[in-house]
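> with the sequence up front, the predicted model follows.
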Amino acid sequence: MKRQKIIPGTKAALLIIFAASIAQFVPCKVWAGETLTIAVAANFYRPMQEIVSAYEKRSGSRVRLVSGSTGKLYAQIIEGAPFDIFFAADRRRPAKLERKGLILPDSRFTYATGKLVVYTTRPDIALAGRGLSILLDPGVRHVAIANPKTAPYGRAAMQALKSSGIYQKIKSKLVYGENIGQTFLFVRSRNADLGLVAASSTYHADGKAVPVLAAYDPIVQQAVTLRDALPASARFIAFFAISAVHDVIRKYGYGLPK
Amino acid sequence: MSWQPLWLSFELAATTMFFLLLIATPLAWFLAFTRIRGRGVLEAVFALPLVLPPTVLGYFLLVAIGSRSPIGQWYQAIFGSTFAFSFVGLVFASILYSLPFAVQPMQNAFESLGRELSEASRTLGLNAWQNFFRILLPGARVGVVTGAVLSFAHTLGEFGVVLMIGGSIPGKTKVASIAIYEYVENLEYHAANAMALVLLAISFTVLSVVYYYNRRLSRMVLG
């Protein structure tokens, strides 16, 4: 029997695939030791990217960002996720971690207060001066909010809907995003006519947004340094106090802690 | 634990399977026997959902069939509702998502029958329809059933696509996988365990029953 000719490059390709598949198992303590892993609530992801790139430039060290809903990140931390710092979208989850003894003592602090806006990309919907009553319009069929059970912005949105007294009337219009980023996408892609989203997500986005005036509990966003965090975490937290960082936070529509 | 999401999952899986039987069977037959150029490209297109991450597929659908796109406006004019956040939308997405799982076994079954069989039956005077329904379909029955069951099972476990386009509306788009995910996020592990277990038990039962009968069926066909 004649031996089949191997297609040229096959050996090289196999070698590369093999190398790639084992690369993850090779311990790289030298790099890993310097890389901070920061879990950040979806609403704060974009400002955090700006802050991190400024930090990386100044300190020369690397930061890995993990974003998701506060509820999910919290559950992952409880299950031992290897994060160093957790920037949550509320103070409930950081406080819970503190009670469980999973954070460094006294590391819990408020880094921003979030604001809700009504957001739409439909040109025919005028938001100005209407408040939440715009949700009652027959032309508004789907209103997106983040899942109130897991996302603090969803919880705040639910409070605003209830305090303004329209919740029962628009209940059937509600659709739920898994986190605030997805909620934003629902509106941005115009699948939902309106959404109650974080002011930060509408920064530099097309469409219109007005602040929600109905009452909701302030969205106090807190951060904690986790118990087994790398020492470099302290440097990052210290960096957070500089005014350039505060400018970024304000630019995205957050309030700063007093 | 609420039973509604489980029921919804089965409804979605069954509806998807029904439509895939209608769509995937002729498609598989076509792909198996066509001699057109670029058949490989066609096969690649239909196998694409196999490779794409479900969230990517969901994102594409959300943007492509959102009210901002012409397709989305056209869809709304026909169905009177948005593509996202509706059960019908989920059915469409699931058909796309599970298509390769239905097509591949069916196509293999048709191919294994060979062209000669059709040529013989056509020579003996059967027309194309008769050939398909009396000769090819019974011959490929096992592959067709396997494809249908796989698409059912695959839709039952669908998560990423539904997460992207569903909007988690109870009774409409909040299927079992989404409900379980939300239970876990809320740290309601008991409810998550219960629903996951029920889903597992029912899926396992359905699959074993079908595979058992499929084996007997194949024995009958092969004699």
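Here it is on my side, so go on. Numbers count the residues shown, from 1 in each chain, chains lettered A, B, ... in the order given.

> gap between the helix or strand A:Phe18 falls within and the chain center?
In this assignment (DSSP states H and E), A:Phe18 forms part of helix A:10-23. How far helix A:10-23 lies from its chain's middle: 36 Å, per CA atoms, centre = their mean, to the nearest Å.

> tell me the mean pLDDT over that helix?
Averaged over helix A:10-23, pLDDT sits at 74.

> and for stretch B:2-16?
The predicted model assigns stretch B:2-16 a mean pLDDT of 94.

> near chain B, which residues of chain A show up?
A:69, A:71-72, A:75, A:78, A:121-122, A:141-142, A:144, A:147, A:149-150, A:174-178, A:182, A:185-186, A:189-192 (CB under 8 Å from any CB of the partner chain). Every C-beta, even on glycine, is put in place using the N, C-alpha and C of the backbone.

> and if we set it to 7 Å?
Residues of chain A found near chain B (CB under 7 Å from any CB of the partner chain) are A:69, A:71-72, A:75, A:142, A:147, A:149-150, A:175-176, A:178, A:185-186, A:189-191.

> most surrounded residue in the residues you listed?
Sorting those by how many neighbours each has (other CB atoms under 10 Å in any protein chain shown) puts A:Phe186 first, at 30 neighbours.

> extract the C-alpha trace of whichever strand or helix holds that residue and format it as CSV.
Per DSSP H and E, A:Phe186 falls inside helix A:180-188. The C-alpha trace of helix A:180-188 is given here as CSV (Å, rounded to 0.1, in the frame of the first residue of the first chain):
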residue,chain,number,x,y,z
ILE,A,180,-27.7,46.6,33.0
GLY,A,181,-25.5,46.3,29.9
GLN,A,182,-27.9,43.9,28.3
THR,A,183,-30.9,46.0,29.3
PHE,A,184,-29.2,48.9,27.5
LEU,A,185,-28.7,46.7,24.4
PHE,A,186,-32.4,45.9,24.3
VAL,A,187,-33.1,49.7,24.0
ARG,A,188,-30.1,50.5,21.9
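
> B:Phe85: neighbour count?
When counting by other CB under 10 Å, one arrives at 25 neighbours for B:Phe85.

> again with A:Pro148
The number of residues packed near A:Pro148 is 17, by other CB under 10 Å.

> thought it was touching A:Gln159?
No - at 8.5 Å, A:Pro148 does not count as touching A:Gln159 under the criterion of CB atoms under 7 Å.

> residues in contact with the helix holding A:Phe186: which ones?
Here helix A:180-188 makes contact (CB atoms under 7 Å, 6 or more residues apart in numbering or on different chains) with A:42-43, A:45, A:119-121, A:144-146, A:151, A:153, A:175, A:177, A:192, A:194-195, A:197-198, A:201, A:205, B:62, B:167.

> filter those down to the buried ones and hand me the ChimeraX line.
Selection of the buried residues among the contacts of helix A:180-188 in ChimeraX, burial being defined by 16 or more other CB atoms under 10 Å in any protein chain shown:
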select /A:42,43,45,119,120,121,144,145,146,151,153,175,177,192,194,195,197,198,201 /B:62,167
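
> look at A:Lys57 and say how many residues are nearby.
For A:Lys57, the neighbour count with other CB under 10 Å is 8.

> nope, B:Ala24 is what I was after
The local packing of B:Ala24 (other CB under 10 Å) involves 28 other residues.

> and the pLDDT at the closest residue to A:Ala205 other than its chain neighbours?
Once flanking residues are discounted, A:Ala205 sits nearest to A:Arg188: 6.5 Å by CB to CB, 6 or more residues apart in numbering or on different chains. A:Arg188 is assigned a predicted lDDT (pLDDT) of 92.

> and if you look at A:Ile6?
61.

> if I pick the residue sitting nearest the centre point of chain A, what's in contact with it?
In chain A, the residue lying closest to the centroid (CA atoms, centre = their mean) is A:Ala42, at 1.1 Å. Shown in contact with A:Ala42 (CB under 7 Å, 6+ apart): A:Ser67, A:Gly68, A:Ser69, A:Asn179, A:Ile180, A:Gly181.

> for A:Lys96, see how far away it is.
Per CB to CB, to the nearest Å, A:Ala42 is found 19 Å from A:Lys96.

> what do you get for B:Ala84?
According to CB to CB, B:Ala84 and A:Lys96 sit 33 Å apart.

> give me the more crowded residue out of the two.
Comparing B:Ala84 with A:Lys96 by neighbour count (other CB under 10 Å), the higher total belongs to B:Ala84, at 28 against 17.

> ok, the more buried one touching B:Met164?
No - using CB under 7 Å, B:Ala84 makes no contact with B:Met164, being 8.4 Å away.

> if I look at those two, which residues touch both of them?
Common neighbours of B:Ala84 and B:Met164 (CB under 7 Å, 6+ apart) are B:Leu62.

> what residue in chain B comes nearest to chain A?
Across chain B, the shortest distance to chain A (CB to the nearest CB) belongs to B:Gly167, at 3.1 Å.

> quick check, pLDDT for that residue.
B:Gly167 carries a pLDDT value of 88.

> and A:Tyr203, by the same measure?
So A:Tyr203 comes in at 90 (pLDDT).

> without its sequence neighbours, what residue ends up closest to it?
Using CB to CB, 6+ apart and skipping the chain neighbours, the partner closest in space to A:Tyr203 is A:Tyr252 (4.9 Å).

> doesn't A:His204 make contact with the one you found?
No - with contact defined as CB under 7 Å, A:Tyr252 does not reach A:His204; the gap is 9.1 Å.

> and these two? which has more neighbours close in?
Between A:Tyr252 and A:His204, counted using other CB under 10 Å, the more crowded position is A:Tyr252 (23 against 8).

> how far away is that one from A:Gln49?
Distance, A:Tyr252 to A:Gln49, using CB to CB: 11 Å.

> go on, B:Val145?
50 Å.

> ok, residue 104 - contacts?
Just going to use chain A. By CB under 7 Å, 6+ apart, the residues touching A:Leu104 are A:Thr225, A:Arg227, A:Ala229.

> likewise for A:Ser164?
A:Leu132, A:Ala214.

> shaky segments in chain B?
Counting by pLDDT under 70, chain B contains low-confidence ranges at B:218, B:220-223.

> counting contacts, what elements does the helix ranked longest in it pack onto?
Taking DSSP state H as the criterion, chain B has its longest helix at helix B:189-222. Counting contacts by 3 or more CB pairs under 7 Å, 6 or more residues apart in numbering or on different chains; DSSP states H and E, helix B:189-222 packs against helix B:4-33, helix B:141-156, helix B:176-185.

> mind running it again at 6 Å?
Under the contact definition 3 or more CB pairs under 6 Å, 6 or more residues apart in numbering or on different chains; DSSP states H and E, helix B:189-222 sits against helix B:141-156, helix B:176-185.

> A:Asp106: what secondary structure?
The three-state label given to A:Asp106 by DSSP: H, G, I helix; E, B strand; the rest coil is coil.

> ok, it to A:Thr225 distance?
According to CB to CB, A:Asp106 stands 9 Å off from A:Thr225.

> where's the residue of chain B closest to chain A, which helix or strand?
Going by DSSP H and E, B:Gly167 is not part of any helix or strand.

> need phi/psi at it.
Note on B:Gly167: backbone dihedrals following degrees, to the nearest 10 are phi 80, psi 10.
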